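Enquirer: Sequence and predicted structure below; questions after.
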Amino acid sequence: MELLECINLEKRYGDKVVLKDINLKIPRGKIIGLLGKNGTGKTTLIKLINDLLTPTKGKVLVNGMEVGVESKKIISYLPERTYLDKSMTVEKVIKYFEDFYDNFDSNKARKLLKKLDLDTNQKLSKMSKGMQEKVQLVLVMSRCADLYILDEPLGGVDPATRDYILDTILTNFNENASVIISTHLISDIEKILDEVIFIDKGKIILTSSTDELREKEKSSIDEIFRRMFKC
């Protein structure tokens, strides 16, 4: 059974088609890049998988179940924009995650945060944007989930923070889980990807293993992306 399957998925807003004919299967144990320019449907697809939007047509299955309360228990989601209350201390946020998620490992979270030399009694509002991004990623990756979905985790942070984020992703998911990373910053992330999904104008135009695609095109994923999405 596939970890995630999208079947004939479509999302419309009135006459506007945002996603069309999305058919997708994602197995366990993979880091997958959902790649496309801004506004091509990546976030809409992610929200459908997370049951934050209702499809106009088709369905999403997680572990063979239609998305809902049960699928949310095994998906750990990092949205593009932070949803954390910035007036809270990091310690309070850890307690919040402990109460809210049965699969949240607070010891793991504290261990990862300690490596950042972070005072957990500090309020999020007193931290830099980069540090806030790190805290939120640590919280998401400290859940023992089956599927991690990260929407633009590298956007707006410095190169050192990007390296930390990539290392945290690589070292903190188990081999039976998969990670979907939505981004348009291909060069920063392609080194950790097993597979890629290219999406454009609401349609999937390419799915491939990264090694096979590089070999076939004799180019990096970033170069292939730039050619395909050239304005």
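Expert: Right, received. Where do you want to start? Numbering: from 1, shown residues only.
Enquirer: For stretch 188-206, which residues meet the burial criterion?
Expert: 189-190, 193, 195-199, 202, 204 (16 or more other Cβ atoms under 10 Å). In short, each C-beta sits where N, CA and C put it, glycine included.
Enquirer: Strands along the protein, start to end?
Expert: For the chain, the strands defined by DSSP state E cover 4-13, 16-26, 31-35, 57-62, 65-66, 75-78, 147-151, 178-183, 195-200, 203-209.
Enquirer: So what's the gap between the longest one and the chain middle?
Expert: Looking back up the chat, that one is strand 16-26. Distance of strand 16-26 from its chain centroid, counting by Cα atoms, centre = their mean, to the nearest Å, is 17 Å.
Enquirer: who touches it?
Expert: With Cβ atoms under 8 Å, 6 or more residues apart in numbering as the test, strand 16-26 has contacts from 2-12, 32, 41, 44-45, 48, 58, 147, 178, 180, 197, 202-204, 207.
Enquirer: so what strands line up beside that strand?
Expert: Paired neighbours of strand 16-26 in the sheet (DSSP bridges): strand 4-13 (antiparallel).
Enquirer: Please, a ChimeraX command that selects the buried ones among the contacts of strand 16-26?
Expert: Filtering these down to the buried ones (16+ other Cβ under 10 Å) takes a single ChimeraX command:
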select :3,4,5,6,9,10,11,32,41,44,45,48,58,147,178,180,197,202,204,207
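Enquirer: In this protein, which residue is most central in space?
Expert: For the chain, the residue nearest the mean C-alpha position is residue 150 (1.7 Å; Cα atoms, centre = their mean).
Enquirer: Distance-wise, check the residue nearest to it when sequence neighbours are not counted relative to residue 153.
Expert: Spatial nearest neighbour of residue 150, excluding adjacent residues (Cβ to Cβ, 6 or more residues apart in numbering): residue 78 at 4.4 Å. Applying Cβ to Cβ, to the nearest Å, the value for residue 78 to residue 153 is 6 Å.
Enquirer: Overlap in contacts, the two.
Expert: Common contact partners of residue 78 and residue 153 (Cβ under 8 Å, 6+ apart): residue 137.
Enquirer: ok, back up a step: now the strands of the chain in a markdown table, with mean pLDDT and distance to residue 88?
Expert: Compiled in a markdown table, those are given as follows (pLDDT from 0 to 100; distance: least, Cβ to Cβ, whole Å):
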| stretch | mean pLDDT | distance to residue 88 |
| --- | --- | --- |
| strand 4-13 | 96 | 31 |
| strand 16-26 | 95 | 33 |
| strand 31-35 | 95 | 30 |
| strand 57-62 | 96 | 30 |
| strand 65-66 | 93 | 33 |
| strand 75-78 | 95 | 17 |
| strand 147-151 | 95 | 22 |
| strand 178-183 | 94 | 26 |
| strand 195-200 | 95 | 35 |
| strand 203-209 | 95 | 38 |
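Enquirer: In TSV, list these along with distance to residue 93.
Expert: Putting the strands of the chain into TSV (distance: least, Cβ to Cβ, whole Å) gives the following:
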stretch	distance to residue 93
strand 4-13	28
strand 16-26	29
strand 31-35	26
strand 57-62	26
strand 65-66	29
strand 75-78	14
strand 147-151	18
strand 178-183	22
strand 195-200	31
strand 203-209	35
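Enquirer: Just tell me which of these ends up closest to residue 228.
Expert: Comparing these against residue 228 with Cβ to Cβ, the closest turns out to be strand 195-200 (6.5 Å).
Enquirer: so what strands line up beside the closest one?
Expert: Here strand 195-200 is paired, per DSSP bridges, with strand 31-35 (parallel), strand 203-209 (antiparallel).
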